[in-house]
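Enquirer: Next one to model:
(chains A and B)
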Amino acid sequence: MTVLEVVGLRKLFPIRKGLLRRIVGQVRAVDGVSFRIEKGETLSLVGESGCGKTTVSRCIVRALQPSAGAIRFRIGDGGAVDIAQVPKRALKPFRRHMQMIFQDPFSSLNPRMMIGDIIGEPLLVNGMTNKTERRARVEELLELVHLPSAYMNRFPHACSGGQRQRIGIARALALNPSLIVADEPVSALDVSVQAQIVNLMLELQDRLGLSYLFIAHDLSVVKHVSDRVAVMYVGKMVEVAATENLYARPRHPYTEALLSAVPKADPRLRSQRIILQGEVADAAHPPAGCYFHPRCRYAVERCRVETPELAEVAPGHWASCHRADELTLKGVEQGG
Amino acid sequence: MAETPTPILAVQGLKTYYHQDEGVVRAVDGASFELYPGRTLGIVGESGCGKSVSARSILQIVERPGRIEAGSIFLRRNGAGAMVDLAQLDPKGREMRAIRGAEIALVFQEPMTSLSAYYTVGNQIGEVVRLHMGLDKKAARTRAIELLAMVGIPRPERRVDEYPFQLSGGLRQRVMIAMALAAEPRILIADEPTTALDVTTQAQILDLLRSLQKKRGLAIILITHDMGVIAEMADDVVVMYLGRAVERGPVDEIFHAPKHPYTKALLRSIPSILARPRDKLATISGSIPHPYDRPAGCPFHPRCGDFMPGRCDRLAPEMRPAGERREVSCFLYEQAP
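Expert: Take a look at the predicted model:
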């Protein structure tokens, strides 16, 4: 069952200049992105800074008003509602079903509130006014994220980064959401703690049937959590596929370069990496044709003039590259 | 590797403490390592392990209330081969100032905050060469352009007049490297040089460091929390935990035959791009203790799977040889004859 379906999502930010703040251009932060997330599934959005992955997540939770496109969200077994069309004031009943986990566990918890109140606040706001009832639920949530219930009476500063991230997760789970949007949830943590949070997220997903939209730049972490992966470049989705297929046999040259650039934790695998030349294209002035062509080592004349569309190149494997069918790109080996 | 090479830099038993009202933070509590010309020494560890403070101690730029308490930092000076102990020099003295930049240079993690926003790139690089090499203004500018070209910045004659905010993160880090290498140091300390960068940019910068090392025989100390970067770059590795070096050795042995329980656990817990999808990760229980709350004995014992009660929680293990060019500080390896 599809929990979330995004169709043709677009978000433009105006560039204003001069005394009258006239709009002189537009940054196409997200430019026609479509995907779906099934119940109990993790879809990861990956890409480098400025590719629009965070903007996508902000549009979905409606922290930003999308410029165009549909965001169809299904609550329980009911029908899907296009929340891009729902006015902001009427969003509250939807919001409890989609929650966010943030990157920085130090700035996302109020330092003046006790942990119990932080986790209990969404309950209070959504009508659980009975204190004892709320306390019991907070206790349950702490247990769910493997923290002792005594933590209820602590302040965030007394907790380590990993513990804070658990608290953030407990708060996100308070209202039994069906979709969790996690924006770089482990990138601020030390490796030894990162592993604990990744495992916790996998465990909670199995237990509660959660769907995750996981946003990350670290392709190694992404491989551990995802069922499917979508790669973004300058506001567009360039490839979507099941995790194994995307890593083993990428179909877009950008994905190939990304995979090759990840340092492998084995000195025996030091290899000839693909070093991309130049810089990520500017979303305010993207190049003609395929946005990736100036850095692509396989680019031909057609790539310079014609913008490729996302097309299904193998069952469940989508790529937007004119040469997806003729190229044999290198992925990463499995094992170890 | 040549036979019996002499290190260009040898750090022995370095201890750098911060004396604060709440107590003493032992940021570095016994670190020893050697650096050889043309080679890369990787210092790896998680936050609070003392890797950055070690680097700052070498350059004597530890901020107050931090102080080097013990240990020596021997540097083989240019040409003559005479050794000086940097730990004994006056941090503000003439000799130390002549060493910083000209013999040992530093590249920081965050290129935006370590470049001045008010001066052009050319001005900032020019300052280094005018100071250390006594060039005049015009020659300094020419040199700055040369250096920008050397680190692979396109159109250097135009970039030289730009301000840092006009450059992308990757280009800024290239500028930092150009500036660090301006006075032709023999040692480059790179403190998390690619942590703030995207992977494809990281690959570019690491590649640049490697080619510069090859061309100039630079000795590099690479400080990072990323085991992947260490595996790609380092020849020798020091693993640190809570201020102590717990293990050191050649990179291949650290990754394929780790000895210290912390190194083993750390390697197991890294998410790997080679793993099967949705594979659970091995974890290290608990978290890194707060610096004021440092465990007695071996700092890793509360999280260690091989913890020996009565021993690890009472005594701190010393760094001991464990094979050729290998050292480990763990009681597990002390029974051996």
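
Enquirer: tell me the contacts of the residue nearest the centre of chain B?
Expert: Using C-alpha atoms, centre = their mean, the residue of chain B that lies closest to the mean C-alpha position is residue B:223, 3.1 Å off. Taking C-beta atoms under 8 Å, 6 or more residues apart in numbering or on different chains, we find residue B:223 in contact with B:42, B:43, B:44, B:51, B:52, B:54, B:55, B:189, B:190, B:191, B:192. Any C-beta I mention is one placed from the backbone N, CA and C, and that applies to glycine too.

Enquirer: now residue B:144
Expert: Shown in contact with residue B:144 (C-beta under 8 Å, 6+ apart): B:121, B:122, B:125, B:126, B:129, B:160, B:178, B:182.

Enquirer: Can you add neighbour count and give those back as JSON lines?
Expert: Output for the contacts of residue B:144, formatted as JSON lines (neighbours: other C-beta atoms under 10 Å in any protein chain shown):
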{"residue": "B:121", "neighbour count": "28"}
{"residue": "B:122", "neighbour count": "23"}
{"residue": "B:125", "neighbour count": "27"}
{"residue": "B:126", "neighbour count": "27"}
{"residue": "B:129", "neighbour count": "23"}
{"residue": "B:160", "neighbour count": "23"}
{"residue": "B:178", "neighbour count": "26"}
{"residue": "B:182", "neighbour count": "27"}
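
Enquirer: what about the residue nearest to the centre of chain B, which SS state?
Expert: Recorded secondary structure, residue B:223: strand (DSSP: H, G, I helix; E, B strand; the rest coil).

Enquirer: what's across from it in the sheet?
Expert: Assessed by DSSP bridges, residue B:223 has beta-bridge partners residue B:43, residue B:191.

Enquirer: can you tell me how far it sits from residue A:96?
Expert: According to C-beta to C-beta, to the nearest Å, residue B:223 stands 45 Å off from residue A:96.

Enquirer: Kindly report the same for residue A:14.
Expert: Using C-beta to C-beta, we find residue A:14 at a distance of 32 Å from residue A:96.

Enquirer: who's more crowded, the two?
Expert: residue A:96 (16 against 12; other C-beta atoms under 10 Å in any protein chain shown).

Enquirer: Hmm, that one is touching residue A:178, no?
Expert: No - if you go by C-beta atoms under 8 Å, residue A:96 and residue A:178 don't touch, sitting 9.8 Å apart.

Enquirer: Other residues contacting stretch A:312-328?
Expert: Applying C-beta under 8 Å, 6+ apart, the external contacts of stretch A:312-328 come out as A:236-242, A:245-246, A:251-253, A:255, A:290, A:298, A:300, A:302-303, A:306, A:308-311.

Enquirer: CSV for the contacts of residue B:223, including neighbour count?
Expert: Shown next, in CSV, are the contacts of residue B:223 (neighbours: other C-beta under 10 Å):
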residue, neighbour count
B:42, 26
B:43, 27
B:44, 24
B:51, 28
B:52, 20
B:54, 28
B:55, 22
B:189, 27
B:190, 27
B:191, 21
B:192, 20
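
Enquirer: Strands of the stretch 201-336 of chain A, residue ranges please.
Expert: Secondary structure of the stretch 201-336 of chain A (DSSP state E, counting those that start in this stretch): strands located at A:211-216, A:228-233, A:236-242, A:311-314, A:317-319.

Enquirer: And the residue of the stretch 1-150 of chain A that's closest to chain B?
Expert: residue A:48 (3.8 Å; C-beta to the nearest C-beta).

Enquirer: so what's the nearest residue to that residue once chain neighbours are set aside up against?
Expert: Nearest non-adjacent residue to residue A:48, counting by C-beta to C-beta, 6 or more residues apart in numbering or on different chains: residue B:198, 3.8 Å away. Going by C-beta under 8 Å, 6+ apart, residue B:198 touches A:48, A:49, A:217, A:280, B:169, B:170.

Enquirer: Now tell me which helix or strand of the chain has the poorest mean pLDDT.
Expert: Just so you know, I chose chain A. helix A:92-95 (a mean of 90; mean pLDDT, DSSP states H and E).

Enquirer: wait, chain B
Expert: helix B:111-114 (a mean of 77).

Enquirer: which parts of that helix are buried?
Expert: Neighbour counts over helix B:111-114 (16 or more other C-beta atoms under 10 Å in any protein chain shown) mark B:111, B:114 as buried.

Enquirer: pLDDT below threshold where in the stretch 1-150 of chain A?
Expert: For the stretch 1-150 of chain A, applying pLDDT under 70 flags no range at all.

Enquirer: Okay, strands next: where are they in it?
Expert: With DSSP E, counting those that start in this stretch applied, the stretch 1-150 of chain A shows strands at A:2-17, A:22-38, A:42-46, A:68-74, A:80-82, A:98-101, listed in chain order.

Enquirer: Turn these into JSON lines, columns for distance to residue B:107.
Expert: Formatted as JSON lines, those follow (distance: least, C-beta to C-beta, whole Å):
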{"stretch": "strand A:2-17", "distance to residue B:107": "33"}
{"stretch": "strand A:22-38", "distance to residue B:107": "31"}
{"stretch": "strand A:42-46", "distance to residue B:107": "27"}
{"stretch": "strand A:68-74", "distance to residue B:107": "43"}
{"stretch": "strand A:80-82", "distance to residue B:107": "50"}
{"stretch": "strand A:98-101", "distance to residue B:107": "33"}
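
Enquirer: deepest of the ones you listed, which one?
Expert: Of all the strands of the stretch 1-150 of chain A, strand A:42-46 has the most neighbours on average by mean count of other C-beta atoms under 10 Å in any protein chain shown, namely a mean of 25.

Enquirer: residues in the stretch 1-150 of chain A within reach of chain B, list them.
Expert: A:48, A:49 (C-beta under 8 Å from any C-beta of the partner chain).

Enquirer: Of all the strands of the stretch 201-336 of chain A, which one is nearest residue A:144?
Expert: Comparison of these against residue A:144 by C-beta to C-beta identifies strand A:211-216 as nearest, at 15.7 Å.

Enquirer: name the helices or strands packed onto that closest one?
Expert: strand A:2-17, strand A:22-38, strand A:42-46, helix A:53-60, strand A:179-183, helix A:219-225 (3 or more C-beta pairs under 8 Å, 6 or more residues apart in numbering or on different chains; DSSP states H and E).

Enquirer: Now the ones you listed in a markdown table, please, with extra columns for distance to residue B:106.
Expert: Formatted as a markdown table, the helices and strands packed on strand A:211-216 follow (distance: least, C-beta to C-beta, whole Å):
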| stretch | distance to residue B:106 |
| --- | --- |
| strand A:2-17 | 37 |
| strand A:22-38 | 36 |
| strand A:42-46 | 32 |
| helix A:53-60 | 32 |
| strand A:179-183 | 33 |
| helix A:219-225 | 28 |
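
Enquirer: on that earlier part again, got a pLDDT number for the residue nearest to the centre of chain B?
Expert: pLDDT, residue B:223: 95.

Enquirer: Residue B:83 is in contact with residue B:75, correct?
Expert: Yes - contact criterion C-beta under 8 Å: residue B:75 and residue B:83 qualify, at 7.0 Å.

Enquirer: Have a look at these two and say which one is more surrounded.
Expert: Between residue B:75 and residue B:83, counting by other C-beta under 10 Å, residue B:75 is the more crowded of the two (23 against 14).

Enquirer: quick check, that one in a helix?
Expert: No - using three-state DSSP, the assignment for residue B:75 is strand, not a helix.

Enquirer: List the buried residues in the top helix by length along chain B.
Expert: The single longest helix within chain B, with elements called by DSSP state H, is helix B:199-216. Neighbour-count burial for helix B:199-216 flags B:199-206, B:208-210, B:212-213, B:216 (criterion: 16+ other C-beta under 10 Å).
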